[in-house]
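In: generate a structure from the sequence data that follows.
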Amino acid sequence: MTRKIKSIGILLFIALGQIVYGQTTDKEKALEKAQEAIKLMDNGKVDESIKLLKEAQELDSDRFDYPYELAYAHYLKQDYKGAIKVLEKIIEHKGSTELLFQLLGNSYDMIGKTDKAFASYDAGLKKFPNSGIIHLEKGNIHWHKKEYNKALAYYEKGIEVDPKFPSNYYRAARIYCSSTEEVWGMIYGEIFMNLERNSKRTAEIGKMLYDTYKREIKFTSDTSMTVSFCQQMAIGVNSISDPKNFKLPFCLVFEPTLLLSIAIEKGIDINSLDKIRSSFVDNYFTNGHDKTYPNVLFSYQKKVKDAGHIEAYNHWILMKGDEDGFGKWYSENKDKYNSFIKWYVENGLKIDDTNKFYREQY
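Out: Here you go, the predicted structure:
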């Protein structure tokens, strides 16, 4: 099982750049050794890196990042017990970050001590309750055991408390788009693509969104079609007992709105999906659904549409699902696409604690 862990070596480079040269102090020597250690680590020379980091720590024992990088080097060597030994000594360090608890928990998990891993993550959440990365790691333990519902609870909590952190959206989208409740995967997936642009994962999710549309929109005749993006349509007792605050299940809003948006289409490809998605935005807001079910993604889609870029935006979102269709469209719309990209750089989706989406809002 592999895990993606972060080095914080960049902080050492920044700090080194702040040294005022003159008589070299022990702290400055330590920083230079640590910088060289990070270079060695990046080039795969982990043993040499460990030696320099130990020397740096001896010269300046107050810093957090030297022992953290030392533990990270042990982790890279798959010496998880060595990483744990270093990290346990600095767990109360005043400079510790959420990354310590991530690395500690993952190290325990890699040696099969799941209880210790969860205890490390929980200790991290006590200190950093809004850490998306720690919620992600708790979910990942269940993910690797194929306990997807348990994993999902942690991913969605991570989305709620740390909405700018992309990876929880990525995992949640993958789970939902493999379930009967694809609607949430479609929303989480597109938010993810806006937060993490132009990565391999972005391409993967774009294709997943396209494939989900193609799989769940069916044309049963020349004049009829079906959609199947969700099945949870139960109305709670509390909703019935309080008519003033009554809300239909979101599925009973989303699917009819999508059906209405498909009305004039005859098949699914990147161009028809552009028209369907554009119509969906119009229908969602025209029918006032944004008042009952405000949604940061749909509001952003409306902003893109109002700015005149929805066609290019939709083709960007879905390009990996229909690369031939995108290529043909792009060859005929280069100026339109380039204009969108220029606009998008300055007008991307803004996610923060006051402007976010997670399923429990509905």
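In: can you count the residues close to Thr286?
Out: Residues near Thr286, counting by other Cβ atoms under 10 Å, number 11. The C-beta positions use only the backbone N, C-alpha and C, and glycine is treated the same way.
In: so for it, what's the pLDDT?
Out: For Thr286, the pLDDT comes out at 98.
In: do Leu11 as well
Out: 51.
In: repeat that for Arg3.
Out: pLDDT, Arg3: 46.
In: mind starting the numbering at 40 from now?
Out: Okay, using 40 as the starting number, the last item reads as Arg42.
In: how does the chain divide into domains?
Out: 40-116, 233-401 (automatic domain parsing).
In: so is Arg236 in a helix, a strand, or just coil?
Out: coil (DSSP: H, G, I helix; E, B strand; the rest coil).
In: show me the contacts for it.
Out: Residues in contact with Arg236 (Cβ atoms under 8 Å, 6 or more residues apart in numbering) are Gly387.
In: please apply the same query to Ile307.
Out: Per Cβ under 8 Å, 6+ apart, neighbours of Ile307: Tyr252, Lys253, Ile256.
In: between these, which is nearest Glu97?
Out: Tyr252 (58.7 Å; Cβ to Cβ).
In: look up how far Ile309 lies from that closest one.
Out: Noted for Tyr252: a distance of 10 Å to Ile309, by Cβ to Cβ, to the nearest Å.
In: then Gly83?
Out: 41 Å.
In: what do you get for Asp104?
Out: Taking Cβ to Cβ, one finds Asp104 at 46 Å from Ile309.
In: my guess is Ile89 contacts Ala112. True?
Out: Yes - applying Cβ atoms under 8 Å as the test, Ile89 and Ala112 come out as touching, 4.9 Å apart.
In: those two: which is more packed in?
Out: Ala112 (28 against 21).
In: got the contacts of Ile307 as a markdown table, with neighbour count, pLDDT and secondary structure columns?
Out: As requested, the contacts of Ile307 are exported to a markdown table (neighbours: other Cβ atoms under 10 Å; pLDDT from 0 to 100; DSSP: H, G, I helix; E, B strand; the rest coil):
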| residue | neighbour count | pLDDT | secondary structure |
| --- | --- | --- | --- |
| Tyr252 | 23 | 98 | helix |
| Lys253 | 16 | 97 | helix |
| Ile256 | 21 | 97 | strand |
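In: now render these as JSON lines, adding distance to His348.
Out: Output for the contacts of Ile307, formatted as JSON lines (distance: Cβ to Cβ, whole Å):
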{"residue": "Tyr252", "distance to His348": "20"}
{"residue": "Lys253", "distance to His348": "24"}
{"residue": "Ile256", "distance to His348": "24"}
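In: for the helix or strand containing Leu92, buried residues please.
Out: Element membership of Leu92, judged by DSSP states H and E, is helix 85-98. For helix 85-98, burial by neighbour count (16 or more other Cβ atoms under 10 Å) applies to Val85, Glu87, Ser88, Ile89, Leu91, Leu92, Lys93, Glu94, Ala95, Gln96, Leu98.
In: and it, how far out from the chain middle?
Out: 34 Å (Cα atoms, centre = their mean, to the nearest Å).
In: what's the answer for stretch 66-74, then?
Out: 34 Å.
In: just the CA coordinates for stretch 206-221, please, in PDB.
Out: Output of stretch 206-221 as PDB, limited to C-alpha atoms (Å, rounded to 0.1, in the frame of the first residue of the first chain):
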ATOM      1  CA  SER A 206      -8.400  15.100  -2.400                       C
ATOM      2  CA  ASN A 207     -11.500  14.400  -0.400                       C
ATOM      3  CA  TYR A 208     -13.700  15.500  -3.300                       C
ATOM      4  CA  TYR A 209     -11.700  13.200  -5.600                       C
ATOM      5  CA  ARG A 210     -12.300  10.200  -3.400                       C
ATOM      6  CA  ALA A 211     -15.900  11.000  -2.700                       C
ATOM      7  CA  ALA A 212     -16.700  11.500  -6.400                       C
ATOM      8  CA  ARG A 213     -15.200   8.100  -7.300                       C
ATOM      9  CA  ILE A 214     -17.300   6.400  -4.700                       C
ATOM     10  CA  TYR A 215     -20.600   8.100  -5.600                       C
ATOM     11  CA  CYS A 216     -20.100   7.600  -9.300                       C
ATOM     12  CA  SER A 217     -19.800   3.900  -8.700                       C
ATOM     13  CA  SER A 218     -23.000   3.800  -6.600                       C
ATOM     14  CA  THR A 219     -26.700   4.400  -7.200                       C
ATOM     15  CA  GLU A 220     -26.300   8.100  -6.000                       C
ATOM     16  CA  GLU A 221     -24.200   9.400  -8.900                       C
END
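In: what is the burial count for the closest residue to Asp86 other than its chain neighbours?
Out: Of all residues not flanking Asp86 in the chain, Lys116 sits nearest, at 7.7 Å (Cβ to Cβ, 6 or more residues apart in numbering). Using other Cβ under 10 Å, Lys116 is surrounded by 14 other residues.
In: I figured Lys116 hits Gly83, correct?
Out: No - the pair Lys116 and Gly83 fails to qualify as a contact (Cβ under 8 Å) at a distance of 10.7 Å.
In: who touches the strand or helix carrying Leu143?
Out: Counting by DSSP H and E, the element that carries Leu143 is helix 137-149. For helix 137-149, contacts defined as Cβ under 8 Å, 6+ apart pick out 40, 42, 44-45, 47, 103, 107, 110-111, 114, 117, 119-120, 122-123, 126-127, 129-130, 132, 153, 155-157, 159-160, 162-164, 166-167, 170, 172-173, 176, 180.
In: fine by me, thanks again.
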